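# Return a 3D structure for these sequence lines:
(one chain, ligands or ions: 1)
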Amino acid sequence: MSDTAPLLSVRDLRVQFNTDEGVVRAVDGISFDVAPGETVCVVGESGSGKTVACESITKLIPMPPGEIAGGEVRFDGDDLTDASEKQLQSIRGDRIAHIFQDPQGALNPVYPVGAQIAEAVRLHSDVSKAAARDRAIDLLDRVGIPEATNRVDDYPHEFSGGMKQRVVIAMALAADPDLLIADEPTTALDVTIQSQILNLLRDLQDEFGMSIIFVTHNLGVVAEVADRVVVMYAGKVMETGSVHDVFERPSHPYTKSLLECLPGIGRSMEPIGGSLPDLTAPPEGCRFHPRCPHATADCRSGSHPELLEAASDHRAACVYYGPGYDVSAIRGDGEAETRATDGGRDDSHDSHGDSR
Ligand SMILES: Nc1ncnc2c1ncn2[C@@H]1O[C@H](COP(=O)(O)OP(=O)(O)OP(=O)(O)O)[C@@H](O)[C@H]1O
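Prediction:
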């Protein structure tokens, strides 16, 4: 973790939905920090709770049926779980911006894009209409809209998908936010455009100095943009650490399985077998145990393992994680092999890789 005080600190956050089928514990006691200027990627399969976690920060989830059932979200020292709707609206407007997968949804089809960006500028700063329009042109230019002066009066439908997402990013930047929460902002775009948008976000972060939470199910994207990674599964954080540590020494079998599906890094390239548990009745023990190739009796009972820090700033929620732990030293035959004690990885004994 960074030495700087975190800009955002999420502690034991629990978010649930009260549905006819039961209580869906979508986010179940997660904790993570985001330092100023840092990019944290929240990654995990579809349904793991990434969006609910990130939308709960400024209470964007529908409440009801959703409710924050516990925990704390501190932003720049203030507890947002206690904030009134008015305070949250002001924070969403001024300090925490969200961008989503579908840029169309964020733009009003009946107004020119420049007018929408200028309105966002005027919501956050006391400037004239003319100055706000100039700022809108600047922002369009900054996010890479060619000939911004000529495009400022165009309507959203006159832009391609990638260009629309750039316009949405310009709107988000109109407030000069401290934190940008980007939820799968490139998923709907083709691969070339995806990589342009990722590069753009990186450049903008250097220029504007904001923190970014980037939600994705794609570890390839994580490798491109993240400083730190939060790996989520079934409402829990399974592993967190620097992008380097998590990619070089994945310490939770779930992370390891995700990495093995990644082109260029993974060996198996097969999707992880099985599916996420029913969040109204999650399994006892580790939530991943029904799909874990290393699961033992210890994993199938009791409560979900705590996140433990065995290496500096690298934590994992696995019953076998601890000093010197090596994920590859655990057998999946019902008996846990003793933990490695030297802290080193020995891929020649990688039971996971050999078993495929
Ligand atoms: N309004 C809702 N009512 C009931 N359940 C919900 C609601 N919104 C989300 N959920 C449930 O919460 C869980 C987490 O959903 P969430 O959208 O956060 O997952 P995700 O990891 O972001 O998935 P994706 O990558 O597909 O967006 C899922 O089981 C989902 O069905």
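
# how near is the closest residue to the ligand within the stretch 101-250 of the chain to residue 148?
Among the residues of the stretch 101-250 of the chain, residue 217 lies nearest to the ligand; the distance is 5.0 Å by CB to the nearest ligand atom. Bear in mind the C-beta positions are built from the backbone N, C-alpha and C, glycine included. Distance of residue 217 to residue 148, given as CB to CB, to the nearest Å: 33 Å.

# can you check residue 318 too?
From residue 318 to residue 148 the distance is 50 Å (CB to CB).

# Between these two, which has more neighbouring residues?
Counted by other CB atoms under 10 Å, residue 318 and residue 148 do not tie: residue 318 has more neighbours, with 26 against 19.

# Around the ligand, which positions in this protein sit nearby?
The chain has residues 17, 19, 24, 26, 44, 46-52, 62, 65-66, 217, 279 near the ligand, with proximity defined as CB under 6 Å from any ligand atom.

# Please indicate which of those residues are buried?
With neighbours counted by 16 or more other CB atoms under 10 Å, those contain buried members at 17, 24, 26, 44, 47-52, 66, 217, 279.

# who's in contact with stretch 75-91?
7-9, 57-59, 68, 71-74, 95-96, 178-179 (CB atoms under 8 Å, 6 or more residues apart in numbering).

# who wins for neighbours among the residues you listed?
For the contacts of stretch 75-91, neighbours tallied by other CB under 10 Å; top is residue 96, 26 neighbours.

# thinking it is in contact with residue 57, fair?
Yes. Residue 96 is in contact with residue 57 according to CB atoms under 8 Å; the separation is 6.9 Å.

# thinking again about what came up before, which one of the contacts of stretch 75-91 sits closest to the ligand?
residue 57 (12.4 Å).

# Surely that closest one touches residue 8?
Yes. If you go by CB under 8 Å, residue 57 and residue 8 touch, sitting 7.0 Å apart.

# Find residues that contact each of these two.
Contacts common to residue 57 and residue 8, judged by CB under 8 Å, 6+ apart, are 73, 75, 213.

# Quick check on the second one: phi, psi?
Meaning residue 75. Note on residue 75: its backbone torsions stand at phi -120, psi 120 [degrees, to the nearest 10].

# can you tell me how far it sits from residue 181?
Residue 75 sits 11 Å away from residue 181, going by CB to CB.

# Can you identify each of the strands in this protein by residue range?
Remark: strands assigned in the chain by DSSP state E are 8-19, 22-34, 39-43, 66-75, 78-79, 96-99, 179-183, 211-216, 228-233, 236-242, 308-311, 314-316.

# Give the burial count for residue 160, as a bare number.
For residue 160, the neighbour count with other CB under 10 Å is 11.

# Overlap in contacts, residue 96 and residue 57.
75, 181.

# what's residue 210 in contact with, if anything?
Residue 210 touches 37, 177-180, 204, counting by CB under 8 Å, 6+ apart.

# do residue 300 as well
283-286, 289.

# same thing with residue 238?
By CB under 8 Å, 6+ apart, residue 238 lies in contact with 44, 231-232, 252, 254-255, 288, 316-318.

# wait, which of those is closest to the ligand?
Once CB to the nearest ligand atom is applied, the member of those that ends up nearest the ligand is residue 44, at 5.5 Å.

# and the closest residue to that closest one other than its chain neighbours, how many neighbours?
Leaving aside its chain neighbours, residue 44 sits nearest to residue 232 (3.8 Å; criterion: CB to CB, 6 or more residues apart in numbering). By the measure other CB under 10 Å, the count of residues near residue 232 is 25.
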